[in-house]
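Peer 1: sequence and predicted structure are below.
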Amino acid sequence: MTDLGFSCLDARADRFAAAPTLCFPLRITDAGGGAVHAVALRCQIRIEPQRRRYSGAESELLADLFGEPSRWGETLRPLQFALVSTMVPGFTGVTEIDLPVPVTYDLEVAAGKYFAALDGGEIPLLLLFSGTVFVRTPTGFSVEQVPWDRETRHRLPVPLWRELMDRYFPGEGWLRLRTDTLRDLHRFKSAHALATWDDTMEALLARARASEAAP
């Protein structure tokens, strides 16, 4: 019988990926002492927002996710970050692999919205493991399951996430809008001879501020 344990050693940006991707180096140990032929590994990664403190500016931006800070004792619940799979080559005793995790900058996705709201510090992550273990035996192979209680934690530095985003979207972000909303924005932009979409949004924000300030 295998007895797999997992630990996350670090996190780094994948410099050669076509899309924003983080790599989590994992150490996998087998206390069972046998020869593991391969592991079809699955990993669910959750954000544990209750495990860190937040500044006033961060709290304002997180209101969309968790409501007012006075309610955070009830609303600060784990968020799904990623669900990824990888194949672990054969090993005996211990091995280390890189777990690639695609990262979104979509501000309609809860994880993307959470990351974008943070100014610094670390992001508390919980990595939950499952999958299938293929073990070499004297008569062939046996198949076992990774127990559902296998997990580890890691604290991802916010500057690392920002560095990754800046590499793919330097000084920028993006929002997904309905087609009719985009057409209305386009009409406003054309009617006011605005050069860029940034100018368009700044003009609309200025109007909103002026409306709020009016008696």
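Peer 2: Thanks, I have the structure now. Residues are numbered from 1 along each chain as shown.
Peer 1: adjacent strands (with direction) for the helix or strand Val36 falls within?
Peer 2: Element membership for Val36 (DSSP states H and E) is strand 35-47. The pairing partners recorded for strand 35-47 under DSSP bridges are strand 79-88 (antiparallel), strand 91-92 (antiparallel), strand 122-137 (antiparallel).
Peer 1: which other residues reach the second one?
Peer 2: To tie it back to what came earlier, the one meant is strand 91-92. Residues outside strand 91-92 that contact it (Cβ atoms under 8 Å, 6 or more residues apart in numbering): 28, 30, 34-36. In this view, the C-beta of every residue, glycine as well, is placed from N, C-alpha and C.
Peer 1: dump those residues to JSON lines, plus distance to Ala214, pLDDT and neighbour count.
Peer 2: Putting these into JSON lines (distance: Cβ to Cβ, whole Å; pLDDT from 0 to 100; neighbours: other Cβ atoms under 10 Å) gives the following:
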{"residue": "Ile28", "distance to Ala214": "62", "pLDDT": "97", "neighbour count": "21"}
{"residue": "Asp30", "distance to Ala214": "69", "pLDDT": "92", "neighbour count": "21"}
{"residue": "Gly34", "distance to Ala214": "75", "pLDDT": "77", "neighbour count": "16"}
{"residue": "Ala35", "distance to Ala214": "75", "pLDDT": "86", "neighbour count": "14"}
{"residue": "Val36", "distance to Ala214": "69", "pLDDT": "90", "neighbour count": "22"}
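Peer 1: what is the nearest of those residues to Lys189?
Peer 2: Of all those, the one with the least separation from Lys189 (Cβ to Cβ) is Ile28, at 53.3 Å.
Peer 1: and the closest one, how far is that from Val146?
Peer 2: Using Cβ to Cβ, to the nearest Å, Ile28 is found at 10 Å from Val146.
Peer 1: can you list residues touching both of those two?
Peer 2: Common contact partners of Ile28 and Val146 (Cβ under 8 Å, 6+ apart): 4, 39.
Peer 1: give me the pLDDT value at the residue most central in space within the chain.
Peer 2: Nearest to the mean C-alpha position of the chain, counting by Cα atoms, centre = their mean, stands Phe81 at 4.2 Å. pLDDT for Phe81: 93.
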